[in-house]
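Peer 1: Coordinates for the following, if possible.
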Amino acid sequence: MHSLTPCGCKGARSCILCSIDKVNHLNSKNFATDENTFIYCPFCHLAHNFHCVIDADWCESNELVTTLCRIYIRSETFNRCILECLEEHLAKKTSERLTVCGIFVFCSFMDPKYEAKIIEEIECFQWKASQSGRLKQDFGPKPNFKKKKLRLESFTGLPSFSEKLLPKLKVEANGVLDDFEAVEQCHLDYDPIRGSHIDMHYDDFWLWGDRLVTVNLLSDSIISLTHPQLPYTVLIGQPRYSVVVLSSEARNEWLHGIYPNHIIDRRVAITYRELTKEMKSTEVGRKVTEIASNFGAVQTSS
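Peer 2: Residues are numbered from 1 along each chain as shown. Here you go, the predicted structure:
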């Protein structure tokens, strides 16, 4: 179900519906000519200089997104670094490398049948217009970010399909999510028709814990990292059916976002968040954790 609200942008946020100029400006960044662009490898956990991995003549975003995600799947299949899986794409034999700790990508988390079932359940909830051309569905406590307080009256738990999805995540994540307790679930709908994207940002540190978990559905995409004190951009492929976890350095020191030209088709993302240790130890935090253990929730009101 989709909201009829044409645009949910506020302040500096924008989409094609309210400011095509800003979207075009974001799309003007050419990673193929930027020597400070790096591509993260999910196998060796290093970021390799773009020009050493992919032919710099590839300037079309759709081709970049599709090719990078195909490389990721090949790397996982053969259990090898992306540099060893690119005979037809490798531009150079050596690579300038960058270390960014805390990035994990699991490419083949679900199959098409499982995805279709999850999407069917998601579509039973109401989509609402959000910032930057996105639609959203929220299930979690309602934060007041200025006062750093939570409202719980409309929070009844997480959607029923997460009762099986969350344990599957823990099994497939090779220990990365063993003690992960999701207390907030957000569904985001991206579509190139709306110029959907998300500006570079940090998730709030006072509330959300170290691990940000995203399940990527319906299409391939790329999430980008930038650093406030370094000139580098790190591109992380998000193949369809994959899970991406940002934690430690990647979550706390690097900003993350998605450029509009890295959305090549409709994409639905399921994002799970945990509480900080400090918030979890409070009375409110314990109540949030208790509510989140219930499944079959109703949608959180705005």
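Peer 1: check which helix or strand covers Arg273.
Peer 2: strand 267-275 (DSSP states H and E).
Peer 1: can you give me the mean pLDDT across that strand?
Peer 2: For strand 267-275, mean pLDDT rounds to 98.
Peer 1: Not counting its own residues, what contacts that strand?
Peer 2: 118-119, 122, 140, 162, 165-166, 169, 180-191, 196, 203, 207-219, 221, 280, 285, 288-289 (CB atoms under 8 Å, 6 or more residues apart in numbering). (C-beta placed from N, C-alpha, C; glycine too.)
Peer 1: contacts for stretch 146-158?
Peer 2: 139-144, 166, 182, 185, 206-207, 284, 287-288, 291-298, 300-301.
Peer 1: now do 10 Å
Peer 2: Under the criterion CB atoms under 10 Å, 6 or more residues apart in numbering, residues 138-144, 163, 165-166, 182-185, 204, 206-207, 272, 275, 279, 282, 284-285, 287-288, 290-302 lie in contact with stretch 146-158.
Peer 1: picking up where we left off before, mind listing the strands the strand holding Arg273 pairs with, and their directions?
Peer 2: Counting by DSSP bridges, the strands paired with strand 267-275 are strand 184-190 (antiparallel), strand 208-217 (antiparallel).
Peer 1: Keeping just the C-alphas, turn the last one into PDB.
Peer 2: Included here for strand 208-217 are C-alpha records, laid out as PDB according to Å, rounded to 0.1, in the frame of the first residue of the first chain:
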ATOM      1  CA  TRP A 208      21.400   3.100  18.200                       C
ATOM      2  CA  GLY A 209      24.200   0.600  18.900                       C
ATOM      3  CA  ASP A 210      27.300  -0.500  17.000                       C
ATOM      4  CA  ARG A 211      25.700  -2.600  14.300                       C
ATOM      5  CA  LEU A 212      23.400  -1.400  11.500                       C
ATOM      6  CA  VAL A 213      22.000  -4.300   9.600                       C
ATOM      7  CA  THR A 214      20.400  -4.000   6.100                       C
ATOM      8  CA  VAL A 215      18.700  -6.700   4.000                       C
ATOM      9  CA  ASN A 216      18.700  -5.600   0.300                       C
ATOM     10  CA  LEU A 217      15.700  -6.700  -1.800                       C
END
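Peer 1: ok, then the element right after that strand?
Peer 2: strand 221-226.
Peer 1: in that following strand, what's buried?
Peer 2: 221-225 (16 or more other CB atoms under 10 Å).
Peer 1: can I get the CA coordinates of stretch 148-160 in PDB?
Peer 2: C-alpha atoms of stretch 148-160 as PDB (Å, rounded to 0.1, in the frame of the first residue of the first chain):
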ATOM      1  CA  LYS A 148      17.100  12.300  23.500                       C
ATOM      2  CA  LYS A 149      13.900  10.600  24.700                       C
ATOM      3  CA  LEU A 150      11.800   7.700  23.500                       C
ATOM      4  CA  ARG A 151       8.000   7.400  23.200                       C
ATOM      5  CA  LEU A 152       6.700   3.800  23.400                       C
ATOM      6  CA  GLU A 153       3.000   4.200  23.300                       C
ATOM      7  CA  SER A 154       2.600   3.200  19.700                       C
ATOM      8  CA  PHE A 155       5.400   0.500  19.700                       C
ATOM      9  CA  THR A 156       3.900  -3.000  19.700                       C
ATOM     10  CA  GLY A 157       6.800  -5.000  18.500                       C
ATOM     11  CA  LEU A 158       8.300  -6.100  15.100                       C
ATOM     12  CA  PRO A 159       6.500  -7.600  12.100                       C
ATOM     13  CA  SER A 160       5.700 -11.300  12.300                       C
END
